[in-house]
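Q: I would like the atomic coordinates for the input below:
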Amino acid sequence: MAPFTASPAVANAAGVVNRIQAKLPDMPAAMAKIGAFLLEHPHAPLELSIMELASETKTSPATVTRFCRLLGYSGYVPFRVSIASDVGRTDARESWKSDIGRAFGPDDSAGDILSTLVNAHTRSLEETAAVMDLALMNRIARRIAMSSHVDIYGIGGSAVMAKELQSRLYRIGINAHHWSEVHAGLTSAAIQDSNSVAIGISNTGRTEETIQMLREAGEAGALTVALSNNPGSPLAESADEAIITSVHEQFLQPDDLSAKHVQLLVLDMMYLLVAQMNFTQTAAKLAASAAAVSPHRRPTRAARLELGARRGQRNDRRSRNHA
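A: Purely as a prediction, here's the structure:
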């Protein structure tokens, strides 16, 4: 049998690929060999018999059958039909992919979509944590804790992240502002100094307004920090320090929330490090803000039950005193 050669158009079996990716970590070694081969050659079952696929992966037809059943198919034939169905939808998928994302198909089940999303988000979080430079994070957090002012720049979806970090830092006593409008941001950036920290957030690192605001703050003397998924981007290259996240392009679609997740991980880490360095001030500020908003929060069910019990005991004592 001639060795199987992968087709150039190998990415059109997203549903089956998603299932394989979801199950691969838990597969026995023999099935994992089949899974790894099919992730690289997802069209192979359309050209190979079960015997040929077993031979290519140095397994057995029985293992191939168990592999298909693990993915939710009753056997190799339904598995091949599913791949053929995926391929048949290729043309419609092309426009879908450009708008929604390359890892999702218009006919994928909710379970397949959920599986792909969980894989993408988990992988991005784990890999960002693995490559995170903790010494750099500590160094930036210390500068924030000692700064007179923190400017945070972000446009579009990154503006939400900028606002979130500003809100957290402000609550623990850090003089922070976020800017998503370039004129206002440039105005603030221009009045920063060497006691300031300026943070620019952009997943691509190519958002022109964010680059302009961060560069302006740097020219004014502030320590500039870029948060981006692209280490070679203009934003990262123009900053004094760069925090690089890890989001896989094959999962990326417009406004990919896995990119937001890893940004939140970094910002939460930075916030907690700053809070540690200003522990006494942080504790006092958090207690004061919690006390201020507590009257506006409804008590929990347990608290209501406890309050009711206390009222009942007080009424019983009054009744006994009057008797």
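
Q: find the helix or strand that Arg206 is a member of.
A: Secondary structure assignment for Arg206, by DSSP states H and E: no helix or strand.

Q: contact partners for the closest residue to it other than its chain neighbours?
A: The shortest distance from Arg206 to any non-neighbouring residue, by CB to CB, 6 or more residues apart in numbering, is to Ser233 (5.7 Å). Yep, even glycine has a C-beta here, placed from its N, CA and C like the rest. When contacts are counted by CB atoms under 8 Å, 6 or more residues apart in numbering, Ser233 touches 202, 204-206, 226.

Q: least confident pick among the residues you listed?
A: Lowest pLDDT among those: Thr204, with 87.

Q: so who does it touch?
A: Going by CB under 8 Å, 6+ apart, the list of residues near Thr204 reads 228-230, 233.

Q: how about stretch 191-200: buried residues?
A: By neighbour count on 16 or more other CB atoms under 10 Å, the buried set for stretch 191-200 is 192, 196-200.

Q: next: stretch 209-227.
A: 209-218, 220, 222-227.

Q: quick one: which of those residues sit in strands?
A: In this view, these that belong to strands under DSSP state E are 223-227.

Q: make JSON lines from those and add distance to Ala288 to it.
A: Below are these laid out as JSON lines (distance: CB to CB, whole Å):
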{"residue": "Leu223", "distance to Ala288": "29"}
{"residue": "Thr224", "distance to Ala288": "32"}
{"residue": "Val225", "distance to Ala288": "28"}
{"residue": "Ala226", "distance to Ala288": "33"}
{"residue": "Leu227", "distance to Ala288": "29"}
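
Q: from those, pick the one nearest His121.
A: Leu227 (17.7 Å; CB to CB).

Q: look at Gly15 and report its pLDDT.
A: pLDDT, Gly15: 69.

Q: go on, Pro106?
A: 68.

Q: please renumber the chain so that the first residue is 42 from this point on.
A: With 42 as the first residue, the last one maps to Pro147.

Q: quick one: low-confidence parts of the stretch 42-191 of the chain?
A: 42-56, 128-147 (pLDDT under 70).

Q: can you give me the helices in it?
A: 55-64, 70-81, 85-88, 91-97, 102-111, 117-129, 131-140, 151-172, 175-187 (DSSP state H, counting those that start in this stretch).

Q: would you turn those helices into a markdown table with mean neighbour count and distance to Arg345?
A: Shown next, in a markdown table, are the helices of the stretch 42-191 of the chain (neighbours: other CB atoms under 10 Å; distance: least, CB to CB, whole Å):
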| stretch | mean neighbour count | distance to Arg345 |
| --- | --- | --- |
| helix 55-64 | 22 | 42 |
| helix 70-81 | 18 | 52 |
| helix 85-88 | 18 | 59 |
| helix 91-97 | 18 | 62 |
| helix 102-111 | 18 | 48 |
| helix 117-129 | 17 | 52 |
| helix 131-140 | 13 | 48 |
| helix 151-172 | 16 | 36 |
| helix 175-187 | 16 | 40 |
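
Q: sweet, I'm off.
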